[in-house]
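*Asks:* prediction below, plus the sequence it came from.
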Amino acid sequence: MNDDSIAITFQLTIEDYAKFSADTACGTKGVINSIESAKQCVRILPILLAVFIVCLIFDFYKEDISSFHDYFSSAPNRMLLPLFIFLCFFTLLVCLYNSGQYSRCQKFARSILMTGDNKQILSPSELVISRDGVLSRSEYSETTTKWSGVEKVIIQNGDLCIFLSSLSAYCIPVRFFSSREELRNVYDKCVYWYELEKRSFS
């Protein structure tokens, strides 16, 4: 490796892998979209209620009905209240499903990782990053990946991730950097070497 290489020592936990799996499976944008979708569902409820009340008031004045019982006992309006309750219930179900998407991904990944000791991926490791590529080594393995074999370099939910494929990556949580500025500097260096390699092949 070159003299300007960056060496980072770290040790991942099951929670780190569960978080990475959820981030990758859902995608950072997917997580944000699911949360936004849940918020939109919550906003719909008062709108449905307002529309329902406006329709009631309009029909009361139009048909000169004296009580709710008379109104809902008429054939055209008999299904209005059950329909409104169904729409509210369905909206809440969608809200709950979307908001739980990320935690379900985490729970699934955690359950798989807890079935074995996984010492190869949970042991202390070192990642050496340089112009030549990425060297990953631990007590049990040593792997070198050239930048031409890297798919992308991103900061995913605060962690530095060097993706080798759509589902596998070298991922270093933010806590293994002295500051977010250091993480950003390492990220910028990785992107520079990655882009440099891409240009040499184009």
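*Replies:* Okay, I see it.
*Asks:* domain assignment for the protein?
*Replies:* If the domains of the chain are taken from automatic domain parsing, they occupy 6-12+119-201, 26-112, with pieces of a single domain joined by a plus sign.
*Asks:* averaging pLDDT over each of the ones you listed, which comes out lowest?
*Replies:* In terms of mean pLDDT, the lowest-scoring of the domains of the chain is domain 26-112 (a mean of 66).
*Asks:* residue 110 against residue 13, yeah?
*Replies:* No - the pair residue 110 and residue 13 does not pass the contact test of CB atoms under 8 Å, sitting 10.4 Å apart. C-beta coordinates here come from the backbone N, C-alpha and C atoms, glycine included.
*Asks:* which neighbours do those two have in common?
*Replies:* Among the neighbours of residue 110, none is also in contact with residue 13 (CB atoms under 8 Å, 6 or more residues apart in numbering).
*Asks:* out of the two, which sits in the more crowded spot?
*Replies:* Neighbours were counted for residue 110 and for residue 13 using other CB atoms under 10 Å; residue 110 has more, 16 against 11.
*Asks:* tell me which residues in stretch 8-18 are buried?
*Replies:* Neighbour-count burial for stretch 8-18 flags 8, 10, 12, 16-18 (criterion: 16 or more other CB atoms under 10 Å).
*Asks:* make a markdown table out of those residues and add secondary structure and distance to residue 194.
*Replies:* Supplementary listing: these in a markdown table, determined by DSSP: H, G, I helix; E, B strand; the rest coil; distance: CB to CB, whole Å:
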| residue | secondary structure | distance to residue 194 |
| --- | --- | --- |
| 8 | strand | 16 |
| 10 | strand | 20 |
| 12 | coil | 22 |
| 16 | helix | 23 |
| 17 | helix | 24 |
| 18 | helix | 27 |
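*Asks:* between these, which sits nearest residue 179?
*Replies:* Out of the buried residues of stretch 8-18, the one with the shortest distance to residue 179 is residue 8. That distance is 13.5 Å, counting by CB to CB.
*Asks:* skipping its backbone neighbours, what lies nearest the closest one in space?
*Replies:* Closest residue in space to residue 8, ignoring its immediate chain neighbours: residue 127 at 4.9 Å, by CB to CB, 6 or more residues apart in numbering.
*Asks:* for residue 177, see how far away the nearest residue in space to residue 125 that is not next to it in sequence is.
*Replies:* With CB to CB, 6+ apart as the measure, residue 138 is the residue that lies nearest to residue 125, at 4.2 Å, once sequence neighbours are left out. Per CB to CB, to the nearest Å, residue 138 is found 19 Å from residue 177.
*Asks:* follow-up on the earlier one: how many residues are close by the residue nearest to residue 125?
*Replies:* Other residues within reach of residue 138 by the criterion other CB under 10 Å amount to 17.
*Asks:* appreciated, that's everything.
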